[in-house]
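> sequence isn't available, so here's the structure alone:
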């Protein structure tokens, strides 16, 4: 599906961070007594601020039978506290010219408000309030349940790409919660109780499980003092339970074929790969860029342009995954092409990567693309903030600067080695969507 | 695969409409403007902090110029500009720009054809060379033509599985029945199949021309430098002898119609739409405020009733979409099949209420403060600034439009909103499209 592919491309870019000369040294970092991590970066180019709360909780923290609860709670975070009633949060932000939204991923739940810099006190007020005082009224929960179910219909039931992605994830993971959809299974969405949502909130929405990032036109020491005053009052909670599930090794290929009203087939192929804790993550990241970033990238050039087998084709690796996840490949065959031919073409590219070194030009282009993406990212305070948070989530914002150095060190032999190691033909997960007339 | 699921869908349409409506706080002009001898309007905004440069070249060669039986010609022509020039093949262009981590693309919209460049400052020479090549010397290689036409046809076919796209196309036809705005920019599988390479070559030669071109340069570059670099590459570009194409504004709409498109889906997409007015009409400002109160944000009436109270939809919005030759006003929602009648009823009720009673002081204040106060957010990156200055120039609004907008919005009263709502929100004047299953 289009928006998924676009999103994935954006995320590939998001893996790029900031240029080496960027701003690690200008970040004011602090950890409050209650454990809240605070990262502030002054940026005086525009009179605005991007204020972001990142909670270390996503669908990976959910249990069977309660999938979708992290995202459900994200919706409820806009439903009011005793101080700021239902609808107040959005109203106050808009009335002050701000824009806000939130998203839930497998690993994290993030809230942001982008607003005129002189309104930062308001945002500190609102965010500190809903971190601890959310109402979670049963009637509101039941009404919002219907909204979440509508969202699931839009994203999954009525979207061929979303539908197939869910199926492939669920066969790829036997044990780890990455196998469940972020939005949650429909059965769970209908069942989850207000008590469970309240317990989930109490467990994970504690200052010691959150990162506050602000980038913009402010004086960091002043803002830090305000943050201490408001957030500092919130008591530290017990450490949230760690995710213990480990995905066992895959024994043999897994495959799913679904039939759905659609115009063209879709092919997904996923392989289990390590995350950023492995030194191989950098080579995997380079591999992903070489395959998918731009029209000169391999899958576009060969499958879309030269062979004209695919309308679209790409690959994606999530460097920031908190647990080992999948390296995804996808292709949409051109009309007249079969999903079998599409799959074969994708797998053929895997074999080429294993058998032949990528060229110096491909490797250098990929490095230049990632470095440039870091610089382009600096143009937006929102993206600067998100990038700090992403690196902080996986070990520290300062890793951002080392990341580029590590990418630069990747060789063609490294790329070939990770392709051989992580893309064994006998351990792939394949999903095919066949259009139903 | 799906990495995130968000509280609200980002609605690009809404943002663009607001962008055009953006007020300014400062009196400093947003960009330097001058007209080059061959008619190119050059707009430059210096943003020295980050070493990047963004360039947009807009020319009046949009889908509005497509011949009636060649819908998609502008779009196909635009997408072929980067597929081969006198100096380089398509893949060579791709490699050249991507090797420096930049991007170069071209494509058409309703009103114009745009080529976009983003590069690091250090690569500006290469970037501008490529940009000039694709605009001035595209070669439309026969194999690339065939390939691109087939890709566009495939993309059109696939878009038939997206209910929002299907509904939007159907509504466009009803709202603008006798105008190119009613025809999809990308055309249809059939119309694209009829287009020949010669037609694309001719479309480019006739319509991509300096005397209808706007060049916006934004980023780490000075006005002098931008003028020099643009003049060096585009200064000798001459307009063809043919006169510039003229386009009629949209006529009045036909009587409203209803269309239901059946698809085996669990959810239905509902669109209500009609013609509206653009920024040159003084009533545009009350209309914008009224649309915001009705369905503009998370505090709007439709959001409150349909989503917050009713649990009936994830996405529900209303928005004005102003373009050069006409404007539309749309109300949209997606809901489970069984609730379609109820959601349509709420939409109609809320439209009627806007005409019947004035908006409250609180609603008026919220809408105005949002529309005025969120301005800096809409111009916080070089890309957004470039898009904004091109849009106001293209629509003939003037570089001071932002300031005027702020004044106009600030003056809107509840009585103004009600008066304009009476003209544009009368529920019986809307076309209606529903895409989804006929029965639960």
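Received it, and whenever you're ready, just let me know what you need. Predicted model, so just to flag it, every value in this text is computed and none were measured.
> find the nearest non-adjacent residue to residue 245, please.
As the question left the chain open, I've gone with chain A. residue A:176 (4.8 Å; CB to CB, 6 or more residues apart in numbering or on different chains). Glycine gets a C-beta too; all of them are placed from N, C-alpha and C.
> chain B is the one I meant
Closest to residue B:245 by CB to CB, 6+ apart is residue B:65, at 5.2 Å.
> go on, residue A:91?
Nearest one to residue A:91, counting by CB to CB, 6+ apart, is residue B:299 at 4.3 Å.
> related to what we said a few turns ago, contacting residues around the residue nearest to residue A:245?
A:60, A:245-247, A:323 (CB atoms under 8 Å, 6 or more residues apart in numbering or on different chains).
> figure out the length between the terminal residues of stretch A:389-402.
The straight-line separation of the ends of stretch A:389-402 (CA to CA, to the nearest Å) is 15 Å.
> typed the wrong thing, it's stretch B:375-390
For stretch B:375-390, the end-to-end distance is 17 Å (CA to CA).
> mind checking if it is in reach of chain A?
Yes. Stretch B:375-390 lies within reach of chain A by CB under 8 Å from any CB of the partner chain, at B:375-377, B:379-383.
> re the thing from before, measure the residue nearest to residue B:245 to chain A for me?
26 Å (CB to the nearest CB, to the nearest Å).
> who's in contact with residue 86?
Because you didn't say which chain, this covers chain A. Residue A:86 neighbours (CB under 8 Å, 6+ apart): A:79-80, A:135, A:140, B:308.
> wait, chain B was what I had in mind.
Residue B:86 sits next to B:133, B:137, B:139 when contact means CB under 8 Å, 6+ apart.
> repeat that for 10 Å
B:133, B:136-139 (CB atoms under 10 Å, 6 or more residues apart in numbering or on different chains).
> over to residue A:80?
By CB under 10 Å, 6+ apart, the contact set of residue A:80 is A:86-89, A:129-130, A:133-137, A:140.
> 6 Å - rerun?
Residue A:80 makes contact with A:86, A:135, according to CB atoms under 6 Å, 6 or more residues apart in numbering or on different chains.
> helix/strand/coil for it?
coil (DSSP: H, G, I helix; E, B strand; the rest coil).
> nearest residue to residue B:152 in space, please, no chain neighbours.
Using CB to CB, 6+ apart, the closest residue to residue B:152 is residue B:192 (5.4 Å).
> number of nearby residues for the one you found?
Neighbours of residue B:192 under the rule other CB atoms under 10 Å in any protein chain shown: 23.
> distance of it from chain A?
13 Å.
> and for residue B:403?
For residue B:403, the distance to chain A - CB to the nearest CB - is 16 Å.
> element containing that residue, please.
For residue B:403, the host element (DSSP states H and E) is helix B:401-411.
> for that helix, buried residues please.
B:401-403, B:405-406, B:408-409 (16 or more other CB atoms under 10 Å in any protein chain shown).
> need the next SSE after it, C-terminal direction.
helix B:414-424.
> where does the residue nearest to residue A:91 sit: helix, strand or coil?
coil.
> that one contacts residue A:90, doesn't it?
Yes. The pair residue B:299 and residue A:90 qualifies as a contact (CB atoms under 6 Å) at a distance of 5.1 Å.
> dump the residue contacts of residue A:332.
So residue A:332 contacts A:264, A:266, A:311-312 (CB under 6 Å, 6+ apart).
> sketch out the low-pLDDT regions of the chain for me.
As the question left the chain open, I've gone with chain A. A:1-25 (pLDDT under 70).
> my question was about chain B, not that one.
In chain B (pLDDT under 70), the answer is B:1-27, B:440.
> can you give me the strands in it?
B:4-6, B:32-35, B:41-46, B:52-59, B:103-108, B:113-120, B:213-219, B:258-262, B:267-275, B:316-323, B:326-336, B:431-436 (DSSP state E).
> roughly how far apart are the residue of chain A most remote from its centre and chain B?
Here the centre of chain A is the reference, and by CA atoms, centre = their mean the most remote residue is residue A:336, at 34.1 Å. Residue A:336 is 9 Å from chain B, where distance means CB to the nearest CB.
> that's a strand at that residue, yeah?
No. Under three-state DSSP, residue A:336 falls outside any strand and is assigned coil.
> and the helix holding residue B:403, what other elements does it pack with?
Packing partners of helix B:401-411 (3 or more CB pairs under 6 Å, 6 or more residues apart in numbering or on different chains; DSSP states H and E): helix B:361-373.
> who are the packing partners of the helix it packs on?
Right, helix B:361-373 is packed against helix A:88-95, helix B:284-295, helix B:401-411 by 3+ CB pairs under 6 Å, 6+ apart.
> dump the contacts of residue A:176 into a markdown table; add neighbour count, secondary structure and distance to residue B:211 as well.
Below are those laid out as a markdown table (neighbours: other CB atoms under 10 Å in any protein chain shown; DSSP: H, G, I helix; E, B strand; the rest coil; distance: CB to CB, whole Å):
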| residue | neighbour count | secondary structure | distance to residue B:211 |
| --- | --- | --- | --- |
| A:60 | 21 | helix | 58 |
| A:245 | 16 | coil | 65 |
| A:246 | 9 | coil | 66 |
| A:247 | 18 | coil | 62 |
| A:323 | 18 | coil | 59 |
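> ok, so of those, who is nearest residue A:230?
Closest to residue A:230 out of the contacts of residue A:176 is residue A:60 (29.3 Å), distances taken as CB to CB.
> just to revisit the earlier point, from the contacts of residue B:86, which land in helices?
Judged by DSSP state H, the contacts of residue B:86 include B:133, B:136 as members of helices.
> re earlier: how many other residues sit next to the residue nearest to residue B:245?
For residue B:65, using other CB under 10 Å, the count is 22.
> residue B:423 too?
14.
> excluding residues flanking it in the chain, which one is nearest it?
residue B:283 (7.2 Å).
> got a ChimeraX select line for the buried ones in the contacts of residue B:86?
Listed next is the ChimeraX selection for buried residues among the contacts of residue B:86, using 16+ other CB under 10 Å:
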select /B:133,136,138,139
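> quick revisit: make CSV out of the contacts of residue A:332 and add neighbour count.
What follows is the contacts of residue A:332, written out as CSV (neighbours: other CB atoms under 10 Å in any protein chain shown):
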residue, neighbour count
A:264, 22
A:266, 27
A:311, 23
A:312, 21
